[in-house]
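Novice: Requesting a structural model of the entry that follows:
(one chain, ligands or ions: 1)
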Amino acid sequence: MIPFFKTTITGNEQKYLQTLLEAEDGLAGKEYLSKSEKWFNENHGLKNFYLTKSCTHSLELAALLLNLQPGDEVIMPSYAFVSCANAIALRGATCVFVDVHPDSMNIDESQIEAAITPHTKAILTLNYAGVACNYEVILPIAKKYGLSVIEDNAHGIGAKYKGRFLGTFGDISTFSFDHLKNVTCVQGGGMAINNPTLFERFYVTYEFGTNRRAFFKGDGDRYEWKGLGSNFPLSELSAAMLLPQLEVVKDINAHFINSWNLYSEKLSDLATEGTIKLPLTSEDFEHNGHCFFIKTKSAEERTSLIHFLESKGIQAQFHYTPLHSSEFGRRVGRFVGQDNTSWEGKTILRLPLFYGITASEVETVTEKISEFYLK
Ligand SMILES: Cc1ncc(COP(=O)(O)O)c(C=O)c1O
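Specialist: You can find the predicted model right below:
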């Protein structure tokens, strides 16, 4: 049996968790939280990084910080996780979905300007599979029209665009450490506030909508409700699982990348003869191997291949259902452009990839895929 994914465990987590549990008042402290946040600021090109309970929470916090209101519009790829759209819809704002590039599944930057209206407030980008969006085009568009950028970097820890870390491109950038990500604390997230003007309201929103942080620092004589907010910070217990993984993120990502490269090499013949398509590679970016996908020629072919691999003990999975294709997506949003996304979403197939997958497991998967196409 080759599973689609196994949660990353490096072997160092137990020691950190044990130390935390044995320390007096350890769980009430913030040692692992602050060390993890510091890690991002020192090693991921960020200045203001904060841990949250999940990337979903980070996206919701981003929408609050941008003060999105009913009538406001946010442009985003339709091929995205539902939390991206929920964060916008929860504020009563409208999701404006556009197409993705077939070879990266990232927002097609050439579709953005046509979707801009006087109500547009932000562009939400998603670095799908840890592959960078085309920020060289997207950021100038955002600047030209005075729009904020929310960069959903849930997949992209350690990945780069033109030498610069992903997570540094948005006014706000979000991260996920859920159980399916390269680096995980089972459920957790993060956010980088890269635009200092948004920082002023950050702590209030992050900590219950109160002046808690300022008050405990001795600033102000009342601890009170200041505005909309929630209980966003991650727990110390989760941070004690996250930190040991952050400390070896290069090794974790190297394992993902090596396995990704092996898939690419072993499937290159099928791609060259036009049987399947492989994901984009480019000198413009360094991905982190988060996800390896192929494209089949049709949805039916993908279903047959999934069943064939399943019969050989291999789990392969499709991914998002394009958001604009759901009834709710149409209620809270609209699609602008031609819609290649529905087709592309039906032909993508993700192959098993996780920390600890062996070269021989990757080769088995590729051999079975070749066998399927020889049938
Ligand atoms: C692109 C993207 N954004 C956000 C999320 C939500 O992350 P979390 O599970 O940390 O809430 C996911 C989850 O897989 C995702 O793929």
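
Novice: Stretch 301-317 vs the ligand: in contact?
Specialist: No. With CB under 6 Å from any ligand atom as the criterion, the ligand is not reached by stretch 301-317; the gap is at least 12.2 Å. Quick note: C-beta positions are derived from backbone N, CA and C, even for glycine.

Novice: got the CA positions of that stretch in PDB?
Specialist: Taking Å, rounded to 0.1, in the frame of the first residue of the first chain, the C-alpha atoms of stretch 301-317 are listed here in PDB:
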ATOM      1  CA  GLU A 301      -9.300   8.800 -18.000                       C
ATOM      2  CA  ARG A 302      -8.400  10.300 -14.600                       C
ATOM      3  CA  THR A 303     -11.100   8.200 -12.900                       C
ATOM      4  CA  SER A 304      -9.900   5.000 -14.600                       C
ATOM      5  CA  LEU A 305      -6.300   5.800 -13.600                       C
ATOM      6  CA  ILE A 306      -7.300   6.400 -10.000                       C
ATOM      7  CA  HIS A 307      -9.200   3.100  -9.900                       C
ATOM      8  CA  PHE A 308      -6.300   1.300 -11.600                       C
ATOM      9  CA  LEU A 309      -3.800   2.700  -9.100                       C
ATOM     10  CA  GLU A 310      -6.100   1.800  -6.300                       C
ATOM     11  CA  SER A 311      -6.300  -1.800  -7.500                       C
ATOM     12  CA  LYS A 312      -2.400  -1.800  -7.200                       C
ATOM     13  CA  GLY A 313      -2.500  -0.400  -3.700                       C
ATOM     14  CA  ILE A 314      -1.600   3.200  -4.700                       C
ATOM     15  CA  GLN A 315      -3.700   6.200  -3.500                       C
ATOM     16  CA  ALA A 316      -3.800   9.100  -6.000                       C
ATOM     17  CA  GLN A 317      -6.100  12.000  -5.500                       C
END
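
Novice: quick one: average confidence on it?
Specialist: Mean per-residue pLDDT for stretch 301-317: 98.

Novice: Residues contacting that stretch, please?
Specialist: Contact partners of stretch 301-317, identified using CB atoms under 8 Å, 6 or more residues apart in numbering, comprise 1-4, 296, 318, 346-352, 364-365, 368-369, 372.

Novice: any idea how far that stretch is from the chain center?
Specialist: Counting by CA atoms, centre = their mean, to the nearest Å, stretch 301-317 is centred 25 Å from the centre of its parent chain.

Novice: got the buried residues for that stretch?
Specialist: By 16 or more other CB atoms under 10 Å, the buried positions in stretch 301-317 come out as 301-302, 305-306, 308-309, 314-316.

Novice: contacts for the lengthiest helix in the chain?
Specialist: Longest helix of the chain, by residue count under DSSP state H: helix 249-266. Helix 249-266 is contacted from outside by 8, 10, 43, 157-158, 182-183, 245, 278-279, 281, 287-290, 292, 351, 353, 355-357, 359, 362-363, 365-367, using CB under 8 Å, 6+ apart.

Novice: what does stretch 237-244 give?
Specialist: In contact with stretch 237-244 (CB under 8 Å, 6+ apart) are residues 10, 12-13, 15-17, 19-20, 27, 32-33, 35-36, 39, 51, 177, 183-188, 234.

Novice: Could you count how many residues lie near the closest residue to the ligand within the stretch 201-350 of the chain?
Specialist: Residue of the stretch 201-350 of the chain nearest the ligand, by CB to the nearest ligand atom: residue 320 (7.9 Å). For residue 320, the count of nearby residues is 19 (other CB atoms under 10 Å).

Novice: swap in residue 102?
Specialist: There are 17 residues near residue 102, going by other CB under 10 Å.

Novice: I'd assumed residue 295 was in contact with it.
Specialist: Yes. Counting by CB atoms under 8 Å, residue 102 touches residue 295, with 7.1 Å between them.

Novice: Break this protein into its domains for me.
Specialist: Domain segmentation of the chain under automatic domain parsing yields 13-246, 249-374.

Novice: which one of those has the most crowded surroundings?
Specialist: Ranked by mean neighbour count, those are led by domain 13-246 with a mean of 20 (mean count of other CB atoms under 10 Å).

Novice: Could you give the separation between the terminal residues of stretch 92-108?
Specialist: For stretch 92-108, the first-to-last residue distance is 25 Å (CA to CA, to the nearest Å).

Novice: start to end distance for stretch 156-169?
Specialist: The first and final residues of stretch 156-169 sit 12 Å from each other (CA to CA).

Novice: contacting residues around it?
Specialist: Residues contacting stretch 156-169 (CB under 8 Å, 6+ apart): 40, 44-46, 125, 127, 130-133, 135-136, 138-139, 149, 151, 153, 173, 175, 181-183, 192, 194, 249-250, 253, 284-288, 290.

Novice: Among these, which ones are in helices?
Specialist: Taking DSSP H, the ones among those that sit in helices are 40, 135-136, 138-139, 249-250, 253.

Novice: Kindly reformat the residues you listed as TSV containing pLDDT.
Specialist: Output for the ones in helices among the contacts of stretch 156-169, formatted as TSV (pLDDT from 0 to 100):
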residue	pLDDT
40	98
135	98
136	98
138	98
139	98
249	98
250	98
253	98
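
Novice: Restricted to strands, list the contacts of stretch 156-169.
Specialist: 125, 149, 151, 173, 175, 192, 285-286 (DSSP state E).
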